[in-house]
Structures are given as structure tokens and as C-alpha cells.
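Chemist: here's my sequence, what's the structure:
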Amino acid sequence: MIQERIRIGLLIALLTICGARPLVVLSQQETAIPVHGKVTEIQERGKILVGTTGDYRPLSYRETDGKYWGFGIEVAEEIAKRLDVAVQFVPTSWPTLTADVQAEPQRFDLAIGGITITDARCETMLMSEGYLANGKTILCRAADSCRYKSLANIDKPEVRVMVNPGGLNEKFANENLTHATIIVHPRNEEIPSLIAEGQADVMITEITEAPYYVKTDARLAAPLLNAPFNHNEIGVLMRKGQEDLLQMVNIIIRQMKADGTLRQLYEKYGLTYRKEGI
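Modeler: Below you'll find the predicted structure:
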């Protein structure tokens with residue numbers, strides 16, 4: 001009886017995903033979600049646990065009252081909705097993200113909110129298909145925007161570059177700015193204000209984050225926003241052994257692309273997905 005109930009629950013979830021929004025056509029392989037997998041565990045629990053840093057406007061931010069908001073937060077909420085479960089956000093950080101994903105006992109089912117798809121992450125964990133284009137760029141003071149037209153302009157000893165620890169921003173700075181003065185600040189969300197106040201000159205950030213701060217703080221500029229240093233995508237991160245959950249998340253991402261849900265979120269948060277057909 002329990003096994004049959006699980007099968008029915010999964011069937012309902014899949015019908016919700018592909019039936020209510022018929023733009024998505026699922027292959028036989030895609031619909032073969034295991035009965036005794038992570039998706040079943042989440043549905044029996046009645047909620048999905050989502051790790052997020054809460055320090056990355058406008059993708060994942062945690063207010064002082066504990067409420068989360070952002071593009072990635074809404075993607076997580078949509079995943080939960082289409083699985084017909086509640087969502088609970090679990091704090092993580094960029095320095096501890098990998099350890100938290102792989103922790104025993106498991107801290108959360110998946111992580112979301114500005115997580116770049118990289119070969120290194122895919123070697124040790126699972127990553128979904130991309131749902132948002134991204135790339136490295138800079139924030140600086142508006143008065144200095146003409147100074148920084150390339151990495152060469154930034155990579156000078158007198159230029160103070162501020163990054164948050166443990167993530168790809170710090171890695172990018174260490175690999176590409178060997179002459180600049182690198183300053184590591186523990187709280188990513190504080191760095192834009194510190195740049196504006198003159199405590200550093202440049203922030204290494206991403207094209208998903210920079211427009212928010214330019215829009216909300218007239219002291220800041222992102223002169224290289226339309227010419228990022230690299231191109232990548234943001235996805236959902238989870239531990240290995242959860243291939244059924246990965247499969248389901250990918251189905252939902254494709255559905256959100258097809259039915260316009262992602263496009264609506266891009267417009268709401270002023271972001272772009274620069275892939276043809278999205």
C-alpha cells in the first residue's frame with residue numbers, strides 16, 4: 001500500500017509538471033523516476049531542504065528577520081511547488097558550501113543561489129542544467145569607472161581589489177590579478193558599500209549581482225558589465241547519489257524555461273539569460 005501511494009504521488013507530481021503545462025515533452029527515460037529515491041524521501045517528508053548563502057543580492061538574500069528573497073529563492077520555491085511540498089531554507093556559506101553539501105548526516109537536499117556550474121564541482125557533486133547566464137565583472141566607484149577598461153587596468157599594486165572568501169570570486173582574483181592588492185572581506189553583501197566608501201577600489205563580482213548594486217547605490221558603477229571576463233551558468237548543486245533528484249530538477253528547469261516562468265523572473269529581477277530560445 002505504501003509503495004503504491006508513493007507511485008501515485010510521483011505520478012501526480014510528474015503529471016503536474018508535464019500535464020498542466022504541455023509545452024514540455026518528457027522522454028521515457030526522463031519519466032522513469034525511481035520509487036525509492038531522494039524525490040520520494042522529500043515527498044514523504046513533505047518539504048525540501050534548500051541550502052543557500054543568503055548574502056548574494058538579488059539571487060539569495062536573508063533579511064535580519066530571517067526571511068529569504070531573490071531569484072534563486074524563487075526558483076527553489078518553484079521546485080518545491082512542482083513537487084507539491086513545502087520549502088525550508090538552511091544557511092550555508094561559500095567557504096563551507098562543498099562540505100555542507102557532502103555532510104553526514106545530510107544538512108539539506110540541494111543548494112541554490114548564485115552557484116556556478118564548474119568542472120571541479122561536477123567531479124565531486126551533481127549540478128543541474130543551467131538556469132541563468134553569468135560571468136565575472138567588477139564594481140567600482142562611479143567616479144573611477146573610466147579607469148577600469150580591462151584586467152590590465154585593475155592588475156596594478158595600487159588597486160585594492162576586495163573579494164569574499166571561499167568562492168569563485170576569490171579564486172578568479174588570485175589567478176588573474178597577481179599584481180593588485182587583494183583584500184578578503186568575510187561578508188559578501190557588505191563589499192559594495194565598502195567600495196563606495198573608499199575602503200577598496202574594485203569588487204570582483206558577477207553580472208548577476210553587479211546591476212542590483214548599481215541600481216540601488218548611485219556611488220557605484222559596473223563599467224565592464226557588457227564585457228564580462230568569462231561566461232558560465234548558474235545551476236542547482238547537490239550531492240552524488242541523488243541522481244533521481246537531479247533528473248527531477250532538470251525536468252522542472254526545462255519546464256520553467258518552456259512555460260515562461262524563468263523569463264518572468266528574469267524580468268522581475270532585471271537579469272538576462274543570453275541563450276537562444278530562452
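Chemist: how far does stretch 223-238 stretch from one end to the other?
Modeler: For stretch 223-238, the first-to-last residue distance is 34 Å (C-alpha to C-alpha, to the nearest Å).
Chemist: quick check: buried residues in it?
Modeler: Neighbour counts over stretch 223-238 (16 or more other C-beta atoms under 10 Å) mark 223-225, 228-229, 232-238 as buried. To be clear about C-beta, it is placed using only N, CA and C from the backbone, and glycine gets the same treatment.
Chemist: out of those, list just those in helices.
Modeler: Assigned to helices by DSSP state H, none of those qualify.
Chemist: what is the nearest of those residues to Pro91?
Modeler: Of all the buried residues of stretch 223-238, Leu237 has the smallest distance to Pro91: 15.0 Å, by C-beta to C-beta.
Chemist: dump the residue contacts of the closest one.
Modeler: Shown in contact with Leu237 (C-beta atoms under 8 Å, 6 or more residues apart in numbering): 97, 101, 110-112, 115, 121, 125-128.
Chemist: as CSV, these with distance to Lys149, secondary structure and pLDDT would be great.
Modeler: Formatted as CSV, the contacts of Leu237 follow (distance: C-beta to C-beta, whole Å; DSSP: H, G, I helix; E, B strand; the rest coil; pLDDT from 0 to 100):
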residue, distance to Lys149, secondary structure, pLDDT
Leu97, 33, helix, 97
Val101, 38, helix, 98
Leu110, 39, strand, 98
Ala111, 35, strand, 98
Ile112, 34, coil, 98
Ile115, 29, coil, 96
Arg121, 31, helix, 96
Met125, 37, coil, 98
Leu126, 39, strand, 98
Met127, 33, strand, 98
Ser128, 35, coil, 98
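Chemist: list just the nearest of those residues to Lys136.
Modeler: Of all those, Ile115 has the smallest distance to Lys136: 14.6 Å, by C-beta to C-beta.
Chemist: excluding chain neighbours, what is closest to the closest one?
Modeler: Leaving out its chain neighbours, the residue that sits closest to Ile115 by C-beta to C-beta, 6 or more residues apart in numbering is Leu237, at 4.9 Å.
Chemist: same question, Ala86
Modeler: For Ala86, the closest residue by C-beta to C-beta, 6+ apart turns out to be Lys47, at 4.0 Å.
Chemist: ditto for Lys215
Modeler: Lys215 sits nearest to Gly270 (C-beta to C-beta, 6+ apart), 7.1 Å away.
Chemist: okay, now that neighbour: neighbour count?
Modeler: Gly270: 12 surrounding residues under other C-beta atoms under 10 Å.
Chemist: again with Asp84
Modeler: By other C-beta under 10 Å, neighbour count at Asp84 equals 12.
Chemist: I'd assumed Gln43 was in contact with it.
Modeler: Yes. With contact defined as C-beta atoms under 8 Å, Asp84 counts as touching Gln43 (7.2 Å).
Chemist: what's near enough to touch the residue nearest to Pro228 when sequence neighbours are not counted?
Modeler: Among residues not flanking Pro228 along the chain, Gly135 sits closest, at 3.0 Å (C-beta to C-beta, 6+ apart). The contact partners of Gly135, by C-beta under 8 Å, 6+ apart, come to 206-207, 228-232.
Chemist: tell me the phi and psi of Gly135?
Modeler: Main-chain torsions, Gly135, degrees, to the nearest 10: phi 180, psi 150.
Chemist: which stretches of this structure have low pLDDT?
Modeler: Within the chain, the segments meeting pLDDT under 70 span 1-36, 272-278.
Chemist: helix, strand or coil for the residue nearest the centre of it?
Modeler: Centroid-nearest residue in the chain: Gly114, 2.4 Å away (criterion: C-alpha atoms, centre = their mean). Assigned with DSSP: H, G, I helix; E, B strand; the rest coil, Gly114 falls in the coil class.
Chemist: and it, how far is that from Thr181?
Modeler: 25 Å (C-beta to C-beta, to the nearest Å).
Chemist: kindly report the same for Glu267.
Modeler: Where Thr181 is concerned, Glu267 sits at a distance of 39 Å (C-beta to C-beta).
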